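*Asks:* Got a predicted model here, sequence first, then my questions.
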Amino acid sequence: MLRYIFTSLVILGITTLISAQNYTEEGRYSQSSQNQKQQEGTPKKKKEKLPYPNKKRGTAIGIDVSRFLVPVLDNDRYAFEANIKTNFKKRMFFVGSLGFENVSFDDKSYEYKSDGIYARVGFDYDIFIVDEPNNNDNILFGLRYGFAVQDHGSDKITVEDPYWGDYTTSINSYAVNSHWLELVAGLRTELFNNFFLSFYARLKTKIASNNAEVMEPYRIPGFGRGSRTVSLGFSYIAEYQIPWGNKRLKNKSQSN
């Protein structure tokens, strides 16, 4: 009797488990089918592109204030740089720079002098599209072409030789032209009305230099060490922006 009861309970349990499993699988299938139908019937929403905010436009004229620190860090060098930046589209800027750099030093075995000017031209693209009241800040990426002309030479070059004796020679000053490309990334913020401060990091790659085989420049104006093909530089630019083309911005502020 107990055997039949036990057998009946086992059969009943197995049947219940099988039925429950089938019900669960059917439920999963029906639920997945329902979800699939809902997904197929519901159109996917397209991601909306954020519009570029109405920022101040104009032409900014400034100077690289970091150039004034050059004589403090290296008393053999003097440099100055002026910059111009102007909108030619809402988020595109034409950028130009003009500067000079002089180097002069005299150590035990080597005298060197270099006077040169340099120029950069290129563009910046603003990726900062946060629309906030009075937001005229920028996060900039850009490209530059750089060109430098310098006269350099050495009045005394001494080659020390304890056996044959020291040998002294000189190289008359002559012109050297250098070319390079720059990838730049920068942050620009409006401190006061139409007064901006910018920080730039510059990755420079020299692409050509003529007449350098006679004597390699100690420094290339605007680029860096003459012995390097790749150079890293930084700039801190203070600038005043002359506003133009801001009628839409004024109309929007008046309507608000």
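*Replies:* Received it, and whenever you're ready, just let me know what you need. Here the structure is a predicted model, which means the values were calculated and not measured.
*Asks:* quick one: pLDDT of I129?
*Replies:* I129 carries a pLDDT score of 88 in this model.
*Asks:* Next, it: secondary structure please.
*Replies:* coil (DSSP: H, G, I helix; E, B strand; the rest coil).
*Asks:* how about the strands in the stretch 101-250 of the chain?
*Replies:* 111-126, 138-159, 167-192, 195-210, 219-220, 224-225, 230-243 (DSSP state E, counting those that start in this stretch).
*Asks:* buried sites along the last one?
*Replies:* By 16 or more other C-beta atoms under 10 Å, the buried positions in strand 230-243 come out as S231, S235, Y236, I237, E239, Q241. All C-beta spots, glycine's among them, are computed from the backbone N, C-alpha and C.
*Asks:* The second one too?
*Replies:* In terms of neighbour count (16+ other C-beta under 10 Å), strand 138-159 has its buried residues at N138, L140, G142, R144, G146, F147, A148, Q150, H152, S154.
*Asks:* In contact with the second one: list those residues for me.
*Replies:* Looking back up the chat, that one is L140. F93, D124, Y125, D126, I127, V184, A185, G186, L187, R188, S198, Y200 (C-beta atoms under 8 Å, 6 or more residues apart in numbering).
*Asks:* For S178, list each beta-bridge partner.
*Replies:* On the basis of DSSP bridges, S178 is bridged to A148, S209.
*Asks:* Check the contacts of L140 for burial and list the buried ones.
*Replies:* F93, D124, D126, V184, G186, R188, S198, Y200.
*Asks:* which of those sit farthest apart?
*Replies:* D126 and Y200 (13.6 Å; C-beta to C-beta).
*Asks:* show me what contacts the most centrally placed residue in the chain?
*Replies:* Computing the C-alpha centroid of the chain and ranking residues by C-alpha atoms, centre = their mean puts A185 first, at 1.4 Å. For A185, the contact set (C-beta under 8 Å, 6+ apart) comprises L140, F141, G142, Y200, A201.
*Asks:* repeat for G226
*Replies:* The contact partners of G226, taken as C-beta under 8 Å, 6+ apart, are S178, S209, A212, E216, P217, Y218, R219, I220.
*Asks:* what pLDDT does it get?
*Replies:* So G226 comes in at 91 (pLDDT).
*Asks:* same thing with Y163?
*Replies:* pLDDT, Y163: 78.
*Asks:* give me the number of residues near V214?
*Replies:* By other C-beta atoms under 10 Å, the residues close to V214 number 11.
*Asks:* Sweet, I'm off.
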